[in-house]
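Engineer: turn this into a model:
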Amino acid sequence: MRASAGNFSLVRLQQAVEVAHRIGKKIFLTINAYVKPHDFAALDHYLDQLAPLAIDGYIVSDPGVLSRIKNRDPQREIHLSTQANTINAAACQFWLQQGVQRVNLARELDLADIAAIRSETEIELEVFVHGAMCVAYSGRCLLSTALTARSANEGACAQPCRWNYHLVEEKRPEQQFPIEEDEHGSYIMNSRDLCLLEQLPQLINSGVNSLKIEGRMKTLYYVAAVTRVYRAAIDGYLADPHNYQCDPLWREELDKVSHRPYATDFLPVGDAAVHAQDSSYIRTYDFIGIVRELVDNNLARIEGRNRFFVGDSIEIIGPQMWQVTFTVPACVDKNDQPLEVIQPNAQVWMVLPDGAQVGDMLRRSKL
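Structural biologist: Next up, the predicted model:
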């Protein structure tokens, strides 16, 4: 799906690197498509353009791409994508010998598998803990190519696994029979979303080095809201593992982002459930605004994202699980004219609760 995303230009990528490094974070550039012969000229040109940038490394899956990076940008760190389907320590050792520093393990592994791999290799290990899952093995699927000529392995998945299918009998080709569990039909390949919040202690104790949140084609609100939950949970466990408990608030927060019904994938074996009723997301909250500027007395400039009204009950959320519910106060536009309705993309001023910061986000319940 990345082919249709609003991807970084080289200029914007350089700006992103500068911002990330200024706050002590890293940027790894994903080049995990499987490359055909005619793509290598464009790949080589792209790598030459990336070489002067201070990105921290690449995430790859194709051995050919890995070899090109080692030849053209050899000082850069390399991580292996989950699409490389690494499911044992021998494979991890092979990739280590090829210069890979970290392997994002296949999602088909359970906790015992992960622990066994950790005991037999020194390479850094990463696992997915949250986000959309793919019905195909390690995300390598030909269904989109077969039905739409859009290759999932080249970043252009049309997600046909989310479609509603019917059964056709050979002698009655004009008559479709629904495969259904209810009146909506049955989405027989529609996987649930991954949520391993409650399994974090076991994952950490298995010896993995990094936890990954799926963010492909997600909003900045989704990424911020989910990341702050897992950050709080990880910090809470590491601070006091013996008395750690999963805070019910964390799961409530994950339910407030757009998601499909949650499952724990393969961690208890066999729980990689298909949600057969529909392919819709559960959306109980709207992301309605972001704090762009803060001046004296908590007066803030808000950039609207979805429509909301003066008098609405809304929430503001920020880092370290900070959040406050309040009523939208009087708002004015840039010309100091009062507003009753705040539209998407509007720039408005309002007074926020104490503790608000630039970058905090506003949301409103749809219930």
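
Engineer: per-residue confidence for W322?
Structural biologist: We have a pLDDT of 96 for W322.

Engineer: run a quick neighbour tally on the nearest residue to it once chain neighbours are set aside.
Structural biologist: Of all residues not flanking W322 in the chain, G355 sits nearest, at 6.1 Å (C-beta to C-beta, 6 or more residues apart in numbering). Any C-beta I mention is one placed from the backbone N, CA and C, and that applies to glycine too. The number of residues packed near G355 is 12, by other C-beta atoms under 10 Å.

Engineer: and for the one 10 residues further on?
Structural biologist: Neighbourhood size, S365 [other C-beta under 10 Å]: 13.

Engineer: could you pull up the residues touching it?
Structural biologist: Taking C-beta atoms under 8 Å, 6 or more residues apart in numbering, we find S365 in contact with 284-285, 313, 315.

Engineer: quick one on the thing from earlier: you'd agree the residue nearest to W322 is in a strand?
Structural biologist: No: according to DSSP: H, G, I helix; E, B strand; the rest coil, G355 belongs to no strand; its state is coil.

Engineer: and it, what pLDDT?
Structural biologist: On the pLDDT scale, G355 is placed at 96.

Engineer: is it true that K366 touches I282?
Structural biologist: No: counting by C-beta atoms under 8 Å, K366 does not reach I282; the two are 10.4 Å apart.

Engineer: please save the CA atoms from the one helix or strand R12 maps to in PDB.
Structural biologist: Element membership for R12, per DSSP states H and E: helix 10-22. Provided in PDB are the C-alpha atoms of helix 10-22 (Å, rounded to 0.1, in the frame of the first residue of the first chain):
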ATOM      1  CA  LEU A  10      14.300  13.900  -0.700                       C
ATOM      2  CA  VAL A  11      14.000  17.400   0.700                       C
ATOM      3  CA  ARG A  12      11.300  16.400   3.100                       C
ATOM      4  CA  LEU A  13      13.200  13.400   4.100                       C
ATOM      5  CA  GLN A  14      16.200  15.500   5.000                       C
ATOM      6  CA  GLN A  15      14.000  17.800   7.000                       C
ATOM      7  CA  ALA A  16      12.600  14.800   8.900                       C
ATOM      8  CA  VAL A  17      16.000  13.400   9.600                       C
ATOM      9  CA  GLU A  18      17.100  16.800  11.100                       C
ATOM     10  CA  VAL A  19      14.000  17.000  13.300                       C
ATOM     11  CA  ALA A  20      14.400  13.400  14.500                       C
ATOM     12  CA  HIS A  21      18.000  13.700  15.300                       C
ATOM     13  CA  ARG A  22      17.400  17.000  17.100                       C
END
